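Participant: Kindly return the folded structure for what I paste below:
(chains A and B)
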Amino acid sequence: MSSLSAEMRDKLRKWREENYRNSEQIVDVGEELINEHASKLGDDIWIIYEQVMIAALDCSRDDLALSCLQELKRQFPDSHRVKRLVGMRLEALERYEDANKLYDSILQDDPTNTAARKRKIAILKAQGKSTEAIRELNEYLEQFVGDLEAWHELSELYINEHDYAKAAFCLEELMMTNPHNHLYCEQYAEVKYTQGGLENLELSRKYFAQALKLNNRNMRALFGLYMSASHIAASPKVSAKVKKDNVKYAAWAATQINRAYQVRERAVGTKSPLI
Amino acid sequence: MGEVELSCVAYVKMYLHASLFPHCSVNGLLLSSSPAGADVCITDCVPLLHSHLPLAPITQLALTQVDVWCAQTDQRIVGYYQANASVLDCSPTPSALKIADRISDQCSQAVLLMMDNTKMSVECRVPPIVMYERRDSRWTLKDKQMIMLRQWEETRSIASQLLDSRDRTLLVDFDTHLDDITKDWTNQKLNAKIAELASTANGRL
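Facilitator: Model prediction:
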């Protein structure tokens, strides 16, 4: 296999595995790979068709989406997985009723089909029906309690509804099952900070610190630590010891921030505004 | 309430920001380098976020940083823009109103600008924006006649030229900056590119 097509294949795999939504790039690379190098892909071609089809929908490239879909339908005529892609195309065309009927028929055949259930929730979200989407997603999670993607989606829906307590609960579930993920810690800390009040600020500071322990380059966590510690230190309700400790944390964070920006200045050659 | 003028560079960056993150809600701050007066002249904008808009820490951080930068560069924060993820809904969210309130505490002429997603096509005859102003502590729709965008056709053409070219990836918002602090959220390179296109377009802007 030529190294160019191998390189393209690797890129697509990376984007697939890490769930990137860089749809234009996927379409660029994927379309070329399919048109010029299909023979070299072996069985990989089917998963690439699926990936490119979804990216094509994201870019309004219905022509490309349809051609990928047709190849998949031909190869896997009775597949629920392909049927779900047909549904996604209907969603892209805003034919939500037709899409729902399709997903319902999948679920009649196979009530445990999580993909179809999640698509139905995605339709509710697209239609602006957040309350229903939240309710359905909660019901889904009662059955499929280990679905991380669903917990994260639910936390986002709650954040958009300004229901921070429930968003925090979802993030707690995520942190419990993924204690090494610095992003969940940092998002949890942001939600706590947003809720406000001394207790929440202290929690937020702790979780910003935890995120930093897991990834010391997380700038949001560093800034978050600085801000939460500063607010706690400035609060009239804290003891002298707590104040002193938080002044120390804030000072440490400020030094780290300044250091990071100095490195940046050297790298980029221009000064940036500093707090 | 006086007139509001929106510059080419401010509009183009807002448009690119919304277009580069089509599945996200995006927001940003509107700036002016003109002195305070009856009319508001929006001369620039700073794209802020494309994720977790309602959460406080990064928004507060961004507001502080932009404030500092404005003081250094003789600009003022005069407004806030947002483009919702949902195509159908272009009404201001509670967090949008909150930020706009905060800005209007410092700037009595503050404007709140929502992008109208349904009108964001290449050939839109009018700018796809809906503007609000603060009257009696409530944000109300501004009279359309009072919003000026000089040379709309040129501005619109510059916006779509940039969107189609590689240069669109020059746009940096605060979120992107936090992911990689070597990226410049003041968008100097992109501003220069827009100015270049504008001067080729017609000499004055």
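Participant: can you tell me if stretch B:75-82 touches chain A.
Facilitator: No - contact of stretch B:75-82 with chain A (CB under 8 Å from any CB of the partner chain) is absent, the minimum separation being 11.6 Å. The way it works is simple: take the backbone N, C-alpha and C, and place the C-beta from them, glycine included.
Participant: how about the strands of chain B, start to end?
Facilitator: Ranges of strands within chain B are B:4-6, B:26-32, B:40-42, B:44-49, B:76-83, B:111-115, B:129-135, B:138-141, B:147-148, based on DSSP state E.
Participant: In a markdown table, list those along with distance to A:Val247 and mean neighbour count.
Facilitator: Below are these laid out as a markdown table (distance: least, CB to CB, whole Å; neighbours: other CB atoms under 10 Å in any protein chain shown):
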| stretch | distance to A:Val247 | mean neighbour count |
| --- | --- | --- |
| strand B:4-6 | 43 | 23 |
| strand B:26-32 | 30 | 25 |
| strand B:40-42 | 39 | 23 |
| strand B:44-49 | 29 | 25 |
| strand B:76-83 | 29 | 26 |
| strand B:111-115 | 37 | 25 |
| strand B:129-135 | 37 | 19 |
| strand B:138-141 | 39 | 13 |
| strand B:147-148 | 47 | 16 |
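Participant: Tell me if I'm right that A:Ser204 and A:Ala189 touch.
Facilitator: Yes - A:Ser204 lies in contact with A:Ala189 (CB atoms under 8 Å); the separation is 4.4 Å.
Participant: about what we covered before: and the strands of chain B: which comes nearest A:His152?
Facilitator: Nearest to A:His152, of all those, is strand B:44-49, at 17.7 Å by CB to CB.
Participant: Would that closest one count as contacting chain A?
Facilitator: No - Strand B:44-49 stays clear of chain A (CB under 8 Å from any CB), getting no nearer than 10.7 Å.
Participant: and that strand, which strands flank it?
Facilitator: Applying DSSP bridges, strand B:44-49 is found paired with strand B:26-32 (antiparallel).
Participant: follow-up on the earlier one: mutual contacts of A:Ser204 and A:Ala189, please.
Facilitator: Listed as contacting both A:Ser204 and A:Ala189 by CB atoms under 8 Å, 6 or more residues apart in numbering or on different chains are A:224, A:228, B:57.
Participant: Closest to B:Thr73 out of those?
Facilitator: Nearest member of those to B:Thr73, counting by CB to CB, is B:Pro57, at 24.6 Å.
Participant: how far away is that closest one from chain A?
Facilitator: Computed as CB to the nearest CB, to the nearest Å, the B:Pro57 to chain A distance reads 5 Å.
Participant: neighbours of that residue, just the number please.
Facilitator: Counted by other CB atoms under 10 Å in any protein chain shown, the residues lying close to B:Pro57 total 25.
Participant: my guess is A:Lys192 contacts A:Ala168, does it?
Facilitator: Yes - taking contacts as CB under 8 Å, A:Lys192 lies within contact range of A:Ala168: 6.5 Å.
Participant: Which of those two has more residues huddled nearby?
Facilitator: Under the neighbour definition other CB under 10 Å, A:Lys192 and A:Ala168 were set side by side, and A:Lys192 has more, 28 against 22.
Participant: Mind checking the pLDDT average for the helix or strand hosting that one?
Facilitator: Using DSSP states H and E, A:Lys192 sits in helix A:182-195. The average pLDDT within helix A:182-195 is 97.
Participant: following it, which helix or strand shows up next?
Facilitator: Note on helix A:182-195: by DSSP H and E, the next helix or strand toward the C-terminus is helix A:198-214.
Participant: could you give the angle of that next one to helix A:182-195?
Facilitator: 160 degrees (axes from the mean of the first three to the mean of the last three CA atoms, to 10 degrees).
Participant: Close to chain A: what parts of chain B are there?
Facilitator: Within chain B, the positions adjacent to chain A are B:23, B:52, B:54-58, B:60-61, B:64-65, B:68-69, B:72, B:86, B:88-89, B:93-95, B:178-179, B:181-182, B:184, B:186, B:188 by CB under 8 Å from any CB.
Participant: can I get the strands of chain B in JSON lines with distance to A:Trp252 and mean pLDDT?
Facilitator: Output for those, formatted as JSON lines (distance: least, CB to CB, whole Å; pLDDT from 0 to 100):
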{"stretch": "strand B:4-6", "distance to A:Trp252": "43", "mean pLDDT": "90"}
{"stretch": "strand B:26-32", "distance to A:Trp252": "29", "mean pLDDT": "97"}
{"stretch": "strand B:40-42", "distance to A:Trp252": "39", "mean pLDDT": "92"}
{"stretch": "strand B:44-49", "distance to A:Trp252": "26", "mean pLDDT": "97"}
{"stretch": "strand B:76-83", "distance to A:Trp252": "30", "mean pLDDT": "96"}
{"stretch": "strand B:111-115", "distance to A:Trp252": "38", "mean pLDDT": "95"}
{"stretch": "strand B:129-135", "distance to A:Trp252": "40", "mean pLDDT": "90"}
{"stretch": "strand B:138-141", "distance to A:Trp252": "40", "mean pLDDT": "89"}
{"stretch": "strand B:147-148", "distance to A:Trp252": "47", "mean pLDDT": "70"}
